[in-house]
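Colleague: Dropping a prediction and its sequence here:
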Amino acid sequence: MSKKILVIGGGIAGLSAGCYAQMNGYDSEIFEMNAIAGGLCTGWKRQGYTFDGCLHWLVGSHPSSSYYALWEEIGAVQGKKMVTYDYFTKVIDEAGRTFTVYTDPDRFREEMLTIAPEDKKQIKRIVKDIKVLMKNEMPPEFTFRDMIPALRSILMIYKYRQPIRELAEKFTNPVLREFFINGLDWGETCSAFLLWTLALMASKKAGYPVGGSLEFVEPIVGRYHKLGGSIHYKSKVTGILVEHDRAVGIRLSDGSEYRGDVIISAADGHTTIFNWLQGKYTSQAVVEAYSSYILFPPLVYVSLGVDGDYSQEPCNQNIAIKRPFSIGPDEIRYLYYRIYNMDPTMAPPGKTVFTLMITTNFDYWQALKNNRKAYVAEKKRIADAVIDNLNELYPGFTNQVEVVDVATPNTFVRYTGNWKGSYEGWLMDRKSMRQRNLMTLPGLSNFYMVGHWVAPGGGLPSGLITGRMAVKKICKKDRKKFVTSKP
């Protein structure tokens, strides 16, 4: 009789774990608190528009990438049309000057040299290292066999472990310094993470799958079902059952209980460890992570359905706005927005979807949680400020907006349970990049954690890879050969 594996969470990590469990002869069930699978890899439809909450690019979008083969195993990329990028983003500063972060390293070098020829030495050094990263892909799993060919890229992580703003300080030209920050800065994230992204895009290994998140998740769910797995929707877990320091099952919000031989949590890490397991199984590494690691910041996510053709506009821009506004303690002076003109499936013909990611303060939104009137009013105020500023750039824009949707950190918590509204777990910074094992908990057997709470840097690959790794560990413990297949 095959072992029963219960998976908490139907996001990419949970679906990955489920697929590989089925491939290896285990009987698995996934418990998802929402009505659809995907977790943070999701989208929603409003009056003919599709608003995407996740996919900007996919690591492993080209067959030449070692990640592509893994996406194939869970049925995610077969038949997908991938759009590649000529640039990462375009920046417009307060003076109206523009700067393009080209994905082609030579064009990126020339763009920077045009602004700051005096920084030629540093510019060439950075571009040279991007080319090194292009040739030496980071391995999906850090096995000894994979480490040797990837050694140069691994060394690059340590070379560029500083955040972008510190790397930018090496430029003497203040204009280039500010452009570099506004084009690539991601808080405390290691510069290596951003340079690696540029390298992936340059080598066509980080394209965008047409159809976005909803259409990306659908075939993975289909793959899981065809392998014999089952998903329980609207099934919110409220506890993990433990007997003699062994995970033996889960309890749902309706009081029902399910028993299994192995439990995998692909859900929020903080909730899993400190709520469902009551903080009984921790270690110095776990405590350090949840007390001192930096999170991807929570977001106000503004989506707009616009009755206008913006097919000739840059799809990614970060602009200094004419009318700055505040959200709680934060003043918003730049708006990063995405125009989905590369994906005709997102809007009716002649119309366009705009999405804007604005980092925000979690405590501010928590304070509004129980004041519905103030909460709704604040969302409207922010949307109006965003539309007003886009109208400055695109005259007549205000009258073209047909649909407005605003998601806040409270929305993220409600639909995904992510701690403090973080959309990707831990940032990859100097501290978290040295993290030790967070996939298992000391003193608790038959239990694994997967997803971005065990893999700093987040993103869809972390879900794919950690779900796969958990099943490999289970197979090793059961003295079974880990096997995979492709549909």
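Modeller: Good, I have the coordinates. Just so it is clear, the model here is predicted, and its values are computed rather than measured.
Colleague: after the lowest-mean-pLDDT helix or strand in the chain comes which helix or strand?
Modeller: Lowest by mean pLDDT, DSSP states H and E among the helices and strands of the chain is helix 144-147, with a mean of 64. Toward the C-terminus, helix 144-147 is succeeded by helix 151-159 as the next helix or strand (DSSP states H and E).
Colleague: Off-centre distance for that following helix?
Modeller: 22 Å (CA atoms, centre = their mean, to the nearest Å).
Colleague: Which secondary structure elements does it sit against?
Modeller: If contacts are counted by 3 or more CB pairs under 8 Å, 6 or more residues apart in numbering; DSSP states H and E, helix 151-159 sits against helix 120-135, helix 191-202. (Each C-beta comes from the backbone N, C-alpha and C, glycine too.)
Colleague: Of those, which is nearest residue 460?
Modeller: Residue 460 lies closest to helix 191-202 among the helices and strands packed on helix 151-159, at 12.8 Å (CB to CB).
Colleague: Could you pull up the mean pLDDT of that closest one?
Modeller: Confidence over helix 191-202, taken as the mean pLDDT, stands at 95.
Colleague: in its sheet, what does the helix or strand following that helix sit against?
Modeller: Following helix 191-202 in sequence order, the next helix or strand is strand 206-209 (DSSP H and E). Strands that pair with strand 206-209, judged by DSSP bridges, come out as strand 58-59 (antiparallel), strand 82-83 (antiparallel).
Colleague: I'd like to know which of these is closest to residue 186.
Modeller: Of the strands paired with strand 206-209, nearest to residue 186 by CB to CB is strand 58-59, at 15.3 Å.
Colleague: Pull the residues that contact that closest one.
Modeller: 65, 67, 71, 77, 82, 200, 205-209, 216, 459-461 (CB atoms under 8 Å, 6 or more residues apart in numbering).
Colleague: how does it look with 6 Å?
Modeller: 67, 206, 209, 461 (CB atoms under 6 Å, 6 or more residues apart in numbering).
Colleague: Which of those ranks first by neighbour count?
Modeller: residue 206 (26 neighbours; other CB atoms under 10 Å).
Colleague: Is the nearest residue to residue 318 once chain neighbours are set aside bridged to anything, and to what?
Modeller: Spatial nearest neighbour of residue 318, chain neighbours left out: residue 336 (4.5 Å); criterion: CB to CB, 6 or more residues apart in numbering. Beta-bridge pairing for residue 336 (DSSP bridges): residue 318, residue 357.
Colleague: Who are the packing partners of the helix or strand harbouring residue 334?
Modeller: Here residue 334 sits within strand 330-339, counting by DSSP H and E. Secondary-structure packing of strand 330-339 (3 or more CB pairs under 6 Å, 6 or more residues apart in numbering; DSSP states H and E): strand 316-327, strand 352-359.
Colleague: Let's see that with 10 Å instead.
Modeller: strand 87-92, helix 174-184, strand 299-306, strand 316-327, strand 352-359, helix 372-393 (3 or more CB pairs under 10 Å, 6 or more residues apart in numbering; DSSP states H and E).
Colleague: Can you tell me how far residue 324 is from residue 349?
Modeller: Distance, residue 324 to residue 349, by CB to CB, to the nearest Å: 35 Å.
Colleague: which of these two has more neighbours?
Modeller: residue 324 (13 against 6).
Colleague: Pull the contacting residues for the closest residue to the more buried one other than its chain neighbours.
Modeller: Spatial nearest neighbour of residue 324, excluding adjacent residues (CB to CB, 6+ apart): residue 333 at 4.8 Å. Neighbour list for residue 333: 94, 182, 319, 320, 321, 323, 324, 325 [criterion: CB atoms under 10 Å, 6 or more residues apart in numbering].
Colleague: And the buried ones among the residues you listed, selectable in ChimeraX?
Modeller: The buried residues among the contacts of residue 333 can be selected in ChimeraX (16 or more other CB atoms under 10 Å) with this line:
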select :182,319,320,321,325
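Colleague: Let's have the helices and strands packed on strand 330-339 in TSV, adding distance to residue 31.
Modeller: Formatted as TSV, the helices and strands packed on strand 330-339 follow (distance: least, CB to CB, whole Å):
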stretch	distance to residue 31
strand 87-92	37
helix 174-184	39
strand 299-306	26
strand 316-327	35
strand 352-359	29
helix 372-393	29
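Colleague: So which of the ones you listed is the most surrounded?
Modeller: strand 299-306 (a mean of 23; mean count of other CB atoms under 10 Å).
Colleague: Given that one, what are its sheet partners and their directions?
Modeller: Paired strands of strand 299-306, defined by DSSP bridges, are strand 352-359 (antiparallel), strand 401-407 (antiparallel).
Colleague: quick check, distance from stretch 261-268 to the centre of its chain.
Modeller: With CA atoms, centre = their mean, you get 20 Å for stretch 261-268.
Colleague: what about that stretch, how long is it end to end?
Modeller: 21 Å (CA to CA, to the nearest Å).
Colleague: now swap in stretch 247-259 and tell me
Modeller: 9 Å.
Colleague: And for it, what's in contact with it?
Modeller: 4, 6-8, 29, 31, 33, 232, 234-243, 260-265, 276-277, 281, 441, 444-448.
Colleague: Buried ones among the residues you listed?
Modeller: 4, 6-8, 29, 31, 33, 235, 237, 240-242, 260-265, 276-277, 281, 441, 444, 446-448.
Colleague: among these, which are in strands?
Modeller: 4, 6-8, 29, 31, 237, 240-242, 262-265, 447-448 (DSSP state E).
Colleague: and of the helices and strands packed on strand 330-339, who's closest to residue 117?
Modeller: Here helix 174-184 is closest among the helices and strands packed on strand 330-339 (CB to CB), at 10.0 Å.
Colleague: How far does the closest one sit from its chain's centre?
Modeller: 24 Å.
Colleague: Low-confidence bits of the stretch 51-200 of the chain, can you list those?
Modeller: Applying pLDDT under 70 to the stretch 51-200 of the chain flags residues 142-150.
Colleague: and the strand holding residue 334, how far out from the chain's middle?
Modeller: With CA atoms, centre = their mean, you get 19 Å for strand 330-339.
Colleague: can I get the CA coordinates of it in PDB?
Modeller: Output in PDB follows, covering the C-alpha atoms of strand 330-339 (Å, rounded to 0.1, in the frame of the first residue of the first chain):
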ATOM      1  CA  ASP A 330       5.400  56.600   2.800                       C
ATOM      2  CA  GLU A 331       5.600  59.300   0.200                       C
ATOM      3  CA  ILE A 332       5.200  58.000  -3.400                       C
ATOM      4  CA  ARG A 333       7.400  59.800  -5.800                       C
ATOM      5  CA  TYR A 334       7.900  57.200  -8.500                       C
ATOM      6  CA  LEU A 335       5.400  54.800 -10.000                       C
ATOM      7  CA  TYR A 336       6.400  51.400 -11.400                       C
ATOM      8  CA  TYR A 337       3.800  50.200 -13.900                       C
ATOM      9  CA  ARG A 338       3.400  47.500 -16.400                       C
ATOM     10  CA  ILE A 339       1.400  47.700 -19.600                       C
END
